[in-house]
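Mind looking at a prediction? Sequence and model below.
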Amino acid sequence: MCSSVSISSTCLVWGPQFRRSASSSSSSSSSRTQWHILSPSSSTGSVKFINNEVSSGLLSKWGFSHEDLHLRDIVDRQSSSEPSSNNSLFTKDDDENVAREGDLSLILLSSTKLTSVVAAFALNTPRPSTLERQRAIWAIYVWCRRTDELVDGPNADCLSSVGVLDRWEERLEDIFNGRPYDVLDAALTDTVHEFPIDIKPFKDMIEGMRLDTRKSQYENFQELYLYCYYVAGTVGLMSVPVMGIAPESPASVHHIYDAALYLGIGNQLTNILRDVGEDASRGRVYLPQDELAQFGLCNEDVYLRKVNDGWREFMKEQITRARFYFNLAEEGAYHLDKASRWPVWSALMLYKKILDAIEENDYDNLTRRAYVGRTKKLLMLPLAYSRSIAVPAGPAV
Ligand SMILES: CC(C)=CCC/C(C)=C/CC/C(C)=C/CC/C(C)=C/COP(=O)(O)OP(=O)(O)O
């Protein structure tokens, strides 16, 4: 299952740096890797290790080092007040008074004119309107969907994925260089020149699709986490510059970006748990092999759709871990610009409900698809709204 992206009307997300310790836990009969959170203060040299076992559950909670993914660089580039330098269309000395109407019509303008329009708009508009944010999120969403369709869509089998993805990446560079190929690309060109969005999360998503074409199973959670980052965590990174951070938020920008990334991870882990039966029909098992083994399970049990006590216990742990990421995401969601909070809270709460639905199905996600009914969805909206109007408060890390 490749991720596809579901962003309800508008949205966006990232947290602490973490690193794997060389040690292994010996405090339990099950062999498990011990993961340490490396606190943000590590940049000052004072590294604070927090044992992963502070969080409940049997399985490791942390995946891949964010440092190895160079995520800090992405955040720093995106947090500058201007669109990132790789967005070469953006120049500071353009005409500042050009009116902006109908983003897609920009494709009809010469690239020089486009530069003027976009630059003037970005420099003169400190706080984008909700409509502008929605259009930008839509452009990102469409690009992510189209990327997913290349390897997961109806024509995927007829295409040589590697070549197609290479060509798609060249086209991405053209988008960022102001040479969109079609009208949908133009919407993204417009977006990346209006908001400080870095190209790396987009490239990483393409990398995730490459990974998906060559891998049909994941040995451990670290491998799976990397995949989840590529195909879903990246969406959080792409979205934050558009969604915006509340000016009154005391939290660090890195903390908020981490929360955004964790929302993507939580969503993807949930998607995996919801679709495990469907993915098995395609010969795919997006579950850590070592963890299956810890519960006395293997791929064959998944293919044979055996829902036994071992499977239920295994699922409980997987659900605990997905919730762990949603909880981290929630901490950051309070700090988004208030215009963006409601859709994010709605998406977050909706995804958590999928986990509840798996529990209600007595952990049978092999023969039944977890489903959240319309009434539950509607009832959730006011609750999401009440969360979204809460004033951003700590943690100010
Ligand atoms: C929390 C903070 C600070 C910001 C929010 C940042 C955002 C918007 C993060 C969103 C991340 C996101 C939407 C990732 C996509 C994850 C995903 C697995 C999408 C799958 O979408 P579906 O459409 O349900 O998948 P299917 O098509 O497989 O059903």
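Looks like it arrived, so ask away.

Pull up the residues of the stretch 251-397 of the chain that are close to the ligand.
256, 259-260, 263-264, 267-268, 271, 329, 332-333, 336, 344 (CB under 6 Å from any ligand atom). For glycine as for every other residue, the C-beta is placed from the backbone atoms N, C-alpha and C.

Spell out which two among the residues you listed are the most distant pair, please.
Pairwise distances across these peak at 23.0 Å for 256 and 271 (criterion: CB to CB).

in this structure, which spans are strands?
Assigned strands in the chain, in chain order: 17-25, 32-38, 49-51, 217-218, 285-288 (criterion: DSSP state E).

So which of the residues of the stretch 251-397 of the chain next to the ligand belong to helices?
Within these, membership in helices is found for 256, 259, 260, 263, 264, 267, 268, 271, 329, 332, 333, 344, as judged by DSSP state H.

wait, the third one sits on residue 238?
In this case it means residue 260. No. Here residue 260 does not reach residue 238: they are 9.0 Å apart, not a contact under CB atoms under 8 Å.

Comparing those two, which shows the higher neighbour count?
Neighbours of residue 260 and residue 238, each counted by other CB atoms under 10 Å, are more numerous for residue 238; the result is 36 against 28.

Give me the neighbour count for residue 375.
Residue 375 has 8 neighbours, counted by other CB under 10 Å.

re the thing from before, are any of the residues of the stretch 251-397 of the chain next to the ligand buried, and if so which?
Buried residues within these, counting neighbours by 16 or more other CB atoms under 10 Å: 256, 259-260, 263-264, 267-268, 271, 329, 332-333, 336, 344.

Any chance of JSON lines for these, columns pLDDT?
Output for these, formatted as JSON lines (pLDDT from 0 to 100):
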{"residue": "256", "pLDDT": "96"}
{"residue": "259", "pLDDT": "97"}
{"residue": "260", "pLDDT": "97"}
{"residue": "263", "pLDDT": "98"}
{"residue": "264", "pLDDT": "98"}
{"residue": "267", "pLDDT": "98"}
{"residue": "268", "pLDDT": "98"}
{"residue": "271", "pLDDT": "98"}
{"residue": "329", "pLDDT": "97"}
{"residue": "332", "pLDDT": "95"}
{"residue": "333", "pLDDT": "96"}
{"residue": "336", "pLDDT": "96"}
{"residue": "344", "pLDDT": "96"}
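
pLDDT wise, what is residue 62 at?
Residue 62 is assigned 88 on the pLDDT scale.

Report how many residues lie close to it.
The criterion is other CB under 10 Å. On that basis, residue 62 has 23 neighbouring residues.

what residue ranges in the chain score low on pLDDT?
Along the chain, the parts satisfying pLDDT under 70 run over 1-56, 81-126, 154-161, 393-397.
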